[in-house]
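>>> I need the structure of the sequence given here:
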Amino acid sequence: MEASGYRKFGLLAALIRNEQLRTGSTLFWDEPENSLNPELVPVMVDILLELSKSGVQVFLATHDYNIARYLDVRKDRSVPVVFHNLTKANGGIVCESSPEYLK
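From the prediction side, this is the model:
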């Protein structure tokens with residue numbers, strides 16, 4: 001048995017090896033930082049950015065500032081990264097989007 005954080009890397013490897021994650025595919029991942037050693041966050045972000053460069057569309061849902069900042073700092077200008085912030089306002093949902101996390 002491996003720690004659940006390491007199992008996430010194993011699952012990503014299996015998806016890549018089995019060609020489930022390839023050019024034109026989409027990865028939806030809710031809170032990838034859950035149970036992940038904080039030291040491995042940069043590794044995970046680099047893997048996700050490489051997947052994106054290879055044509056995989058990646059959607060992440062996170063509340064973690066560090067993941068968002070790592071994505072913002074490490075992103076390659078040739079691959080678009082967009083940050084979306086959803087909030088409740090005036091009885092509805094408001095979406096703010098930006099190519100830079102701090103904006």
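
>>> do you know how far the residue most central in space within the chain is from residue 100?
Centroid-nearest residue in the chain: residue 60, 4.2 Å away (criterion: Cα atoms, centre = their mean). Distance from residue 60 to residue 100, counting by Cβ to Cβ, to the nearest Å: 16 Å. For the C-beta atoms, the positions are set from N, CA and C on the backbone; glycine is no exception.

>>> what comes up buried for the least confident helix or strand in the chain by mean pLDDT?
For the chain, counting by mean pLDDT, DSSP states H and E, helix 4-17 ranks last in confidence among helices and strands (a mean of 90). By 16 or more other Cβ atoms under 10 Å, the buried positions in helix 4-17 come out as 5, 8, 12, 15, 16.

>>> which helices and strands does the helix or strand where residue 85 lies pack with?
Element membership for residue 85 (DSSP states H and E) is strand 83-89. Judged by 3 or more Cβ pairs under 8 Å, 6 or more residues apart in numbering; DSSP states H and E, strand 83-89 is in contact with helix 65-74, strand 92-98.

>>> List the buried residues of it.
Per 16+ other Cβ under 10 Å, strand 83-89 contains these buried residues: residue 83.

>>> now do stretch 33-41
33, 36, 41.

>>> Correct me if wrong, but the second one is in a strand.
It stands for residue 36. No - assigned with DSSP: H, G, I helix; E, B strand; the rest coil, residue 36 falls outside any strand and is coil.

>>> mind listing what the nearest residue to residue 38 once chain neighbours are set aside touches?
Counting by Cβ to Cβ, 6 or more residues apart in numbering, residue 38 lies nearest to residue 66, which is 7.1 Å off, once chain neighbours are set aside. Residues counted as contacts of residue 66 (Cβ atoms under 8 Å, 6 or more residues apart in numbering) are 33, 38, 41.
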